[in-house]
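>>> sequence and predicted structure below; questions after.
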Amino acid sequence: MSSNREIHLASRPQGWPTADNFRLVETEVPTPGPGQIVVRNRFISVDPYMRGRMNDVKSYVPPFALDAPLDGGAVGEVVAGGGAGIDVGDTVLHGLGWREYALLDAGSARRVDPDLAPVTAYLSVLGMTGLTAYAGLLDVAAMRPGETVFVSGAAGAVGSMVGQIAKLRGAGRVVG
């Protein structure tokens with residue numbers, strides 16, 4: 001556990017991203033300080049919003065920095081450190097993907113149960129995607145049983161879950 005691989009944004013894409021916009025960088029595996037953990041990422045999430053973060057424009061989330069590791073949702077195993085109820089061997093969800101080993105404050109990771117569901121589910125239906133679909137449909141749109149639900153982005157991750165949740169919650173008809 002001495003070598004770490006990270007994907008850095010080397011340049012801002014013009015149009016479709018290409019391999020030239022990224023750089024594989026080898027670094028040392030970080031050493032945790034008090035209250036920190038090192039996580040060996042097993043899965044990372046690559047999501048559509050990340051393309052917008054490759055541009056240097058104002059948005060709801062800051063742009064990716066050049067010559068620095070990209071970030072995003074990840075699930076992995078704690079291999080060093082501990083704190084905030086997280087110990088070595090725990091499986092955690094966190095926001096420092098795009099690297100093999102991530103150093104973060106233990107309080108910014110969420111322990112997940114790999115026996116409850118496949119760990120990849122925490123990056124989708126049991127993660128931000130599922131929460132966005134659930135809250136958007138039931139809290140924001142306040143869908144009621146029997147209603148017709150139209151999902152304009154039904155082919156996407158959140159939209160496809162909205163359709164499934166709508167059916168499970170008794171929508172009369174779901175159109176995507």
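Here it is on my side, so go on.

>>> identify the residues contacting the residue minimising distance to the centre of the chain.
Residue closest to the average C-alpha location in the chain (C-alpha atoms, centre = their mean): residue 73, at 2.2 Å. When contacts are counted by C-beta atoms under 8 Å, 6 or more residues apart in numbering, residue 73 is found next to 44-45, 47, 93-95, 97, 123, 127-128. Quick note: C-beta positions are derived from backbone N, CA and C, even for glycine.

>>> among the residues you listed, which lie within helices?
With DSSP state H as the criterion, helices contain residue 128 from among the contacts of residue 73.

>>> any of the contacts of residue 73 buried? List them.
Those of these that meet the buried threshold are 44-45, 47, 93-94, 97, 123, 127-128, by 16 or more other C-beta atoms under 10 Å.

>>> make CSV out of these and add distance to residue 160 and pLDDT.
As requested, the buried ones among the contacts of residue 73 are exported to CSV (distance: C-beta to C-beta, whole Å; pLDDT from 0 to 100):
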residue, distance to residue 160, pLDDT
44, 20, 96
45, 15, 93
47, 14, 87
93, 21, 97
94, 25, 97
97, 22, 94
123, 15, 95
127, 14, 91
128, 15, 89
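
>>> mind showing which ranges of the chain have poor pLDDT?
Segments of the chain classed as low confidence (criterion: pLDDT under 70) are 1.

>>> please enumerate the helices of it.
49-53, 128-134, 157-168.
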